[in-house]
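Student: just need the structure, nothing else, for what follows:
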Amino acid sequence: MRDLFANALKEALKAKDARRTSTVRLIQAAIKDRDIANRGLGKDPVSDDDILQILAKMIKQREESARIYDDAGRPELAAQEREEIVIINQFLPAQLPEAKVKELCASVIAETGAHGLRDMGKCMNVLKERYPGQMDFAKASGVVKELLK
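Tutor: Below you'll find the model as predicted:
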């Protein structure tokens with residue numbers, strides 16, 4: 001995935017696409033920050049799965065920022081955040097449809113033998129491990145919670 005970002009940066013620079021260039025640089029900086037943090041803890045550099053989690057977190061941050069900018073009457077800043085979301089989404093695998101998310105949640109619950117809300121964490125860990133970047137885990141959490149009630 002790191003090569004993908006390096007190539008995307010080169011293409012953005014050649015195309016003189018300022019928004020894409022800055023967004024790809026932000027992604028690379030976030031990955032490098034995590035690498036440095038991991039090195040300090042004696043862990044390996046981030047894996048592709050970790051990179052997908054970083055990208056998902058960046059999207060959530062931008063969604064929140066866009067909402068705040070809209071509430072504050074700054075539509076131009078909200079539009080910038082949404083443009084960055086579109087660019088970051090291009091590096092993520094396709095999102096699973098809602099029906100498929102419900103189906104996967106139900107199968108993980110059955111597989112782990114979860115019986116109540118106290119088993120929710122176990123189910124979510126399995127989902128995050130198997131489907132990084134492919135579903136919105138906040139929504140999946142709601143689905144798992146409904147199924148475990």
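
Student: quick one: contacts for residue 115?
Tutor: Contacts for residue 115 (Cβ atoms under 8 Å, 6 or more residues apart in numbering) come out as residue 148. (Each C-beta comes from the backbone N, C-alpha and C, glycine too.)

Student: wait, residue 92
Tutor: 52, 55, 56, 59, 133, 134.

Student: so for the residue positioned nearest the centre of the chain, what's the pLDDT?
Tutor: Taking Cα atoms, centre = their mean as the criterion, residue 56 is the residue nearest the geometric centre of the chain, at 1.0 Å. Note on residue 56: pLDDT of 85.

Student: tell me the one among the contacts of residue 92 nearest to residue 33.
Tutor: residue 55 (13.5 Å; Cβ to Cβ).

Student: burial of that closest one, as a residue count?
Tutor: Here the number of neighbours of residue 55 (other Cβ atoms under 10 Å) works out to 21.

Student: can you classify the residue lying farthest from the centre of the chain as helix, strand or coil?
Tutor: The outermost residue of the chain, judged against the average C-alpha position, is residue 115 (28.1 Å), by Cα atoms, centre = their mean. The three-state label given to residue 115 by DSSP: H, G, I helix; E, B strand; the rest coil is coil.
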